[in-house]
Structure formats: structure tokens, C-alpha cells
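> Here you go, sequence then predicted model.
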Amino acid sequence: MGKGASSLSEGVMKKILLSYAYVGIWIFLSFTVIVYNKYILDRKMYNWPYPISLTMIHMAFCSSLAYLLVRVFKLVEPVSMSRELYISSVVPIGALYSLSLWFSNSAYIYLSVSFIQMLKALMPVAVYSIGVLFKKDTFKSDTMINMVSISVGVAIAAYGEARFDSWGVILQLGAVAFEATRLVLIQILLTSKGITLNPITSLYYVAPCCLGFLFVPWILVEFPVLKQNSSFRLDFAIFGTNSLCAFALNLAVFLLVGKTSALTMNVAGVVKDWLLIAFSWSVIKDTVTPINLIGYGLAFLGVAYYNHSKLQALKAKEAQKKATQADEEAGRLLQEMEGEGSARRTESQG
């Protein structure tokens, strides 16, 4: 009995430690990619302010590795998808993803890492609002009050920002809007049709599409400037490791969501945001004011309550599903018993 309990507790402990390991790996890689992108794009650091080019390098690298994993090494199964479905569903998602990445990377040129994380707290507000607009979510007054509290918190944080840049804020808010629309469209265009993409198959199908969409603004905006800058040479060590970190982050998302849950990733994301704010203040020497922290603290409480509400709704849905299954099972048993009883009566009459 003691041995069984001990082995059970060891199994539970191992599972808990593995979950923490996945969370730690995801936080580290997400943290690294954000700080690395800031380092490359910021004019005061590496001074390579070409966000479209950086995003295209990421997409080319990630799509190549995803192709190798899916088609050459066959470590990940591809999804059965027709050309019509790809054009109608994946292409719009790819377009939104390319805009989201372009705008979010561009914001690093103008804003501090800490302030960008504060603005990202608006993501639940954007996802919920667009979900209601596309009728994928139902309007609830208490949820909307929560969304308003998050927005007020972010507005206070913006008011207290020492290095406020209007263009940078517009870019980051645009990135949030495009990413939220992409997440809602994934539900409408793919999930509703029974198609689920993990991070590797997502890169396999979406990254080449993003590369194609980004090529047009790159030719118009960044290529002429890069052409004039004849002294520039691509540093393969910098951009190779940066791209590898971006790809590893997608693998970490696959592990974290697959082995824990999407909600765990949301909670881990909050921890990562606080760490990034602390790092931005202590290492990069970005100014973080008390008003910044008060505003983000209010937004943080709103996001935490939103995640808690989502968890409770998931638990209630799961309980209802189990109750329905139990009722169906009871109904089947009752029908079988009635069938057996009528068969016996028929036999006795015969």
C-alpha cells in the first residue's frame, strides 16, 4: 500500500515538475525572442530598423524547418487540406498574421519593451470585441465591464509613459487588432470545420503565405533603403540565432499547450510580462514610472479575472457535457431493460 502511494506521488510530482519545466522553457524563449528583436531593431542597440525584413527572415527560416519536419523527416503529420480550403481559410489568416508581426516588430523601434507589454494587455479586449462582432461570442455586460477596466488600466499606463510615441502606440494597437482578428478567424475558418493546426503545421501552411504577403511592402518600403545601404552585410550569427529562437518558441508553444493547457500559457504569459517589465527597467534602463505600474496593475487584475472566468466557464461546460453523457447512458440502459422485459413477456405469452 505504502509503495503504491509512493509511486503514485512520484508520478504526480514528475508530472508537476515537467509542467513547470515546459512553462520555464516557454517563458525563457518568449522572453529571449522579444528582447532579441528589440536589440536588433532599436536604433540605440544593433541599429537594424527593418522590421519587414526581420519578419521575412523569420518566416523563411521557420517555413523551411517546418517543411523538413513535416515532409522530409515526417515527424509531424500534415493536415488534409484542399486548394480551395487553403485559399479561403489559410490565406486570410496568413495575411493577418503577416500584418500582426510586421506592426508588432515595428513598434520596438519606437517604444520600450515594458510599455509594449502593457499595451499587449489589451489582447483579451480585442479578442472579445471582435468575437462579439463576428458573433462567435455573446455580449455580456459583466464581461464588457471587465474589458473596460482593462482598457482603463492600459490608458493610465499610457498616460504615465515617459517615452510615449504616438506612432509606436498606433503600430502596437494595430498589431493587437490584427492578431485578435486572426485568432477569431481561426475559430471561424478552421476550427468550425474540424481542422486543428499545431504550431508546426501552422508554420508549414501559414509561414510561406506570410512571406508572400510581406514581399510586397518589403519591395516598396525597405528594399530601396537596404539597396542604398551598401555597407550592410547580413550577420548570419545574429539573424540565424534570432530565427532559431523564434522557431524554438513555436516548438515550446506546442509542448506547453499539448502537455498542459492554453490557460496555463495565458497565466505563464502574465509572469513573463512582469519579468520583461523588470528586465526592461533594470537592464535596458527603460523608465518605468509609478503611474505605469498602477495602470498595468489594474489591467493585470482585469486580465487575471478574465482568465479565471474563462476557466470557470470551461469547468461548467465540461460538467454539463459529463452530465449529458450520463443521461444518454442512463437512457440507453433503460431502453435495453425495457427491450429485455418486452422480449421476456413475448416468450411467456408464446
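It's in. Numbers count the residues shown, from 1 in each chain.

> Determine how far the helix or strand that contains residue 297 lies from the middle of the whole chain.
Element membership of residue 297, judged by DSSP states H and E, is helix 290-349. With Cα atoms, centre = their mean, to the nearest Å as the basis, helix 290-349 stands 26 Å off its chain's centre.

> again with stretch 37-48
Centroid separation between stretch 37-48 and its chain, computed with Cα atoms, centre = their mean, is 24 Å.

> Using PDB, list the CA coordinates for that stretch.
The C-alpha coordinates for stretch 37-48 follow below in PDB (Å, rounded to 0.1, in the frame of the first residue of the first chain):
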ATOM      1  CA  ASN A  37      14.100  41.500 -31.600                       C
ATOM      2  CA  LYS A  38      14.300  44.800 -29.600                       C
ATOM      3  CA  TYR A  39      18.100  44.600 -29.700                       C
ATOM      4  CA  ILE A  40      18.200  44.100 -33.500                       C
ATOM      5  CA  LEU A  41      15.600  46.800 -34.300                       C
ATOM      6  CA  ASP A  42      16.400  49.500 -31.800                       C
ATOM      7  CA  ARG A  43      18.500  52.400 -33.300                       C
ATOM      8  CA  LYS A  44      20.400  52.700 -30.000                       C
ATOM      9  CA  MET A  45      21.400  49.000 -30.000                       C
ATOM     10  CA  TYR A  46      22.200  46.900 -33.100                       C
ATOM     11  CA  ASN A  47      20.500  49.600 -35.200                       C
ATOM     12  CA  TRP A  48      18.900  47.500 -37.900                       C
END
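
> any idea which element the nearest residue to residue 71 once chain neighbours are set aside lies in?
Among residues not flanking residue 71 along the chain, residue 78 sits closest, at 7.5 Å (Cβ to Cβ, 6 or more residues apart in numbering). C-beta: built from backbone N, CA, C; applies to glycine. When elements are assigned from DSSP H and E, residue 78 belongs to no helix and no strand.

> same deal with residue 46?
Counting by DSSP H and E, residue 46 is part of no helix or strand.

> thinking again about what came up before, tell me how many other residues surround the residue nearest to residue 71.
12 (other Cβ atoms under 10 Å).

> pLDDT value on it, please?
Listed pLDDT for residue 78 reads 87.

> pLDDT on the helix holding residue 297, on average?
76.

> what residues does the helix or strand harbouring residue 244 touch?
Counting by DSSP H and E, the element that carries residue 244 is helix 236-259. If you take Cβ atoms under 8 Å, 6 or more residues apart in numbering as the criterion, helix 236-259 is touched by 18-19, 22-23, 25-26, 29-30, 32-33, 36-37, 40, 46, 54, 57-58, 61-62, 65, 198-200, 202-203, 264-265, 268.

> Please point out which parts of it sit buried.
Within helix 236-259, the residues that count as buried by 16 or more other Cβ atoms under 10 Å are 239, 242-243, 245-257.

> hang on, the earlier thing: I'd like to know which of the contacts of helix 236-259 are buried.
By neighbour count, with 16+ other Cβ under 10 Å, the contacts of helix 236-259 hold 22-23, 25-26, 29-30, 32-33, 36-37, 40, 54, 57-58, 61-62, 65, 198-200, 202-203, 264-265, 268 as buried.

> Just those residues: which are in helices?
If you go by DSSP state H, those have 22-23, 25-26, 29-30, 32-33, 36-37, 40, 54, 57-58, 61-62, 65, 199-200, 202-203, 264-265, 268 in helices.

> Next, the contact list for the residue nearest to residue 71, please.
Contacts of residue 78 by Cβ under 8 Å, 6+ apart are 70-71, 201, 204.

> 10 Å instead, please
By Cβ atoms under 10 Å, 6 or more residues apart in numbering, the contact set of residue 78 is 70-71, 200-201, 204-205.

> and the helix holding residue 297, what does it pack onto?
In terms of contacts (3 or more Cβ pairs under 10 Å, 6 or more residues apart in numbering; DSSP states H and E), helix 290-349 is packed against helix 113-119, helix 123-133, helix 141-159, helix 262-282.

> Let me have these in TSV, extended by mean pLDDT and distance to residue 220.
Converted to TSV, these look like this (pLDDT from 0 to 100; distance: least, Cβ to Cβ, whole Å):
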stretch	mean pLDDT	distance to residue 220
helix 113-119	94	26
helix 123-133	92	28
helix 141-159	93	31
helix 262-282	83	32
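
> separation between the residue nearest to residue 71 and residue 173?
Distance, residue 78 to residue 173, by Cβ to Cβ, to the nearest Å: 35 Å.

> can you check residue 217 too?
Distance, residue 217 to residue 173, using Cβ to Cβ: 19 Å.

> what's the answer for residue 163, then?
Distance from residue 163 to residue 173, by Cβ to Cβ: 16 Å.

> more crowded one of these two?
Legend: neighbour count by other Cβ under 10 Å for residue 163 and residue 173, higher for residue 173 (16 against 12).

> Spatially nearest residue to that one, not counting backbone neighbours?
In space, and not counting its chain neighbours, residue 173 is closest to residue 119: 6.7 Å by Cβ to Cβ, 6+ apart.

> my guess is that neighbour contacts residue 165, does it?
No. With contact defined as Cβ atoms under 10 Å, residue 119 does not reach residue 165; the gap is 11.6 Å.

> Find the residues that touch each one of the two.
Common neighbours of residue 119 and residue 165 are listed as 107, 111, 171-172 (criterion: Cβ under 10 Å, 6+ apart).
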